[in-house]
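Chemist: predicted model and sequence follow; I will ask about them next.
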Amino acid sequence: MEVSMSRKDILFLALSITLVMFVAGVSGYKYWTLFQAHTETKAELLSVKNEYSATVQQLHSTIAELGERLATTTIERNTLEEALRGEQVRINAVQMQLDMVTGTIGTLAKLNSTDKELLQKYSRVYFLNEHFEPKSLSLIPVDYVFQPEKDKMILGSVLSFLFDMLRDANADGINLRVLSAYRSFGEQSSLKSAYKITYGAGMSNKFSADQGYSEHQLGTTVDFTTEELGDNYDNFEQDKAYLWLTEHACQYGFVLSYPKDNAYYVFEPWHWRFVGLNLAHRLETAGQYFYDMEQRDIDQYLVSLFDN
Ligand SMILES: [Zn+2]
């Protein structure tokens with residue numbers, strides 16, 4: 001079979017080929033251009049990415065460095081804090097020692113300024129020295145004194161305790177009065193002589209023995225009466241004033257020296273001695289009397305004798 005192509009056909013074929021080639025060329029170019037652009041963008045993005053990576057890496061290393069520095073600073077701060085605490089502990093220890101020394105000095109000063117005779121038990125073998133004189137005497141307010149025309153004195157440090165007791169007793173309707181307080185050795189001797197004349201030597205020794213009345217020489221001891229009883233105080237034991245004192249005197253540091261049936265001296269319900277709040281409270285709590293206690297136990301209360 002013969003294939004014959006007309007000129008027309010050849011022309012058409014040639015045109016078609018040309019068209020296809022043209023389209024292919026244009027497409028190729030376009031693709032190449034796009035490829036080129038893409039490659040450029042990709043390269044650009046890569047470089048940006050690398051740049052960021054570097055920055056991030058740098059930041060990481062900066063953070064690590066800062067962390068290290070912070071750790072070092074923290075260690076340094078902890079060390080400083082520890083050193084500071086150590087210093088504080090040392091300062092506190094020194095302060096404590098200083099306080100202890102100050103306290104000891106204070107205690108010694110208090111003990112030095114307090115006559116140990118003020119808490120001494122007096123007996124037939126232990127007398128108060130006849131030359132003993134209280135450090136400073138104060139006048140008892142005349143409102144609370146029986147026979148106020150005669151001055152009544154008490155140790156200065158005891159006055160406020162005595163005054164409070166007298167004021168409170170009177171507020172409770174007890175007309176408590178001071179009949180006798182401080183008596184010097186000289187006054188004591190003449191009083192004893194007077195008793196001797198009145199009662200005879202045997203009776204006065206029992207009634208007015210040295211150890212008993214020497215408590216008045218201390219300046220801390222008071223004989224009480226009431227406005228109503230006056231110097232007729234023989235019945236003081238039956239008076240409500242005595243009951244009030246047995247219930248309240250210890251709150252002001254006073255105790256009964258010679259209670260009923262004691263082994264040392266005749267019963268003197270009117271005769272009260274200041275021994276300080278602490279000792280008076282202890283005696284009250286224990287149901288004990290001053291002369292029943294051991295002297296070495298009593299002595300422990302000397303340092304707080306005038307404490308409130
Ligand atoms: Zn007395």
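Modeler: Received it, and whenever you're ready, just let me know what you need.
Chemist: contacts only, for the residue of the chain found nearest the ion.
Modeler: Scanning the chain for proximity to the ion using CB to the ion identifies His271 as nearest, at 3.5 Å. In short, each C-beta sits where N, CA and C put it, glycine included. By CB atoms under 8 Å, 6 or more residues apart in numbering, the contact list for His271 reads 212, 215, 221-223, 256-258.
Chemist: and it, how far from Tyr258?
Modeler: Distance from His271 to Tyr258, counting by CB to CB, to the nearest Å: 6 Å.
Chemist: how about Asn232?
Modeler: When Asn232 is compared with Tyr258 (using CB to CB), they lie 20 Å apart.
Chemist: just Lys30 next, same as before
Modeler: From Lys30 to Tyr258 the distance is 136 Å (CB to CB).
Chemist: out of these two, which sits in the more crowded spot?
Modeler: Tyr258 (20 against 10; other CB atoms under 10 Å).
Chemist: assign a three-state SS to that one, would you?
Modeler: Judged by DSSP: H, G, I helix; E, B strand; the rest coil, the three-state class of Tyr258 is coil.
Chemist: do Arg177 as well
Modeler: Assignment for Arg177 (three-state DSSP): strand.
Chemist: what's opposite it in the beta bridge?
Modeler: Thr225 (DSSP bridges).
Chemist: how many neighbours does it have?
Modeler: Neighbours of Arg177 using other CB under 10 Å come to 26.
Chemist: my guess is it contacts Asp223. True?
Modeler: No - with contact defined as CB atoms under 8 Å, Arg177 does not count as touching Asp223 (9.9 Å).
Chemist: does the most centrally placed residue in the chain lie in a helix or a strand, and which?
Modeler: Taking CA atoms, centre = their mean, the centroid of the chain lies closest to Asp99, which sits 12.8 Å from it. Using DSSP states H and E, Asp99 sits within helix 7-113.
Chemist: for the next helix or strand after that helix, list every residue counted as buried.
Modeler: Helices and strands here follow DSSP H and E; after helix 7-113, the next one along the chain is strand 137-139. By neighbour count on 16 or more other CB atoms under 10 Å, the buried set for strand 137-139 is 137-138.
Chemist: what does strand 137-139 contact?
Modeler: Taking contacts as CB under 8 Å, 6+ apart, the residues outside strand 137-139 that touch it are 151-156, 159, 182, 219.
Chemist: which of the residues you listed tops the neighbour count?
Modeler: Using other CB under 10 Å as the neighbour criterion, Gly219 leads those with 27 neighbours.
Chemist: surely that residue meets Leu155?
Modeler: Yes - Gly219 is in contact with Leu155 according to CB under 8 Å; the separation is 3.8 Å.
Chemist: overlap in contacts, the two.
Modeler: 134, 137, 182.
Chemist: surely the first one meets Arg183?
Modeler: No - Pro134 is beyond contact range of Arg183, at 10.8 Å (criterion: CB under 8 Å).
Chemist: list, one by one, the residues from the chain near the ion.
Modeler: Neighbours of the ion within the chain, by CB under 5 Å from the ion: 223, 271.
Chemist: quick check: Pro269 is in a strand.
Modeler: No - per three-state DSSP, Pro269 lies outside any strand segment and is coil.
Chemist: and it, how many residues sit next to it?
Modeler: 23.
Chemist: which secondary element of the protein has the worst mean pLDDT?
Modeler: None of the helices or strands of the chain scores lower by mean pLDDT, DSSP states H and E than helix 201-207, at a mean of 50.
Chemist: Gly276 reaches Asn308, doesn't it?
Modeler: No - taking contacts as CB under 8 Å, Gly276 lies outside contact range of Asn308: 9.9 Å.
Chemist: between those two, tell me which one has more neighbours.
Modeler: The residue with more neighbours, out of Gly276 and Asn308, is Gly276; 26 against 8, by other CB under 10 Å.
Chemist: residues contacting that one?
Modeler: 119, 253, 301, 304-307.
Chemist: same list, those, but as CSV with neighbour count please.
Modeler: Below are the contacts of Gly276 laid out as CSV (neighbours: other CB atoms under 10 Å):
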residue, neighbour count
Leu119, 23
Gly253, 26
Tyr301, 20
Ser304, 15
Leu305, 23
Phe306, 19
Asp307, 11
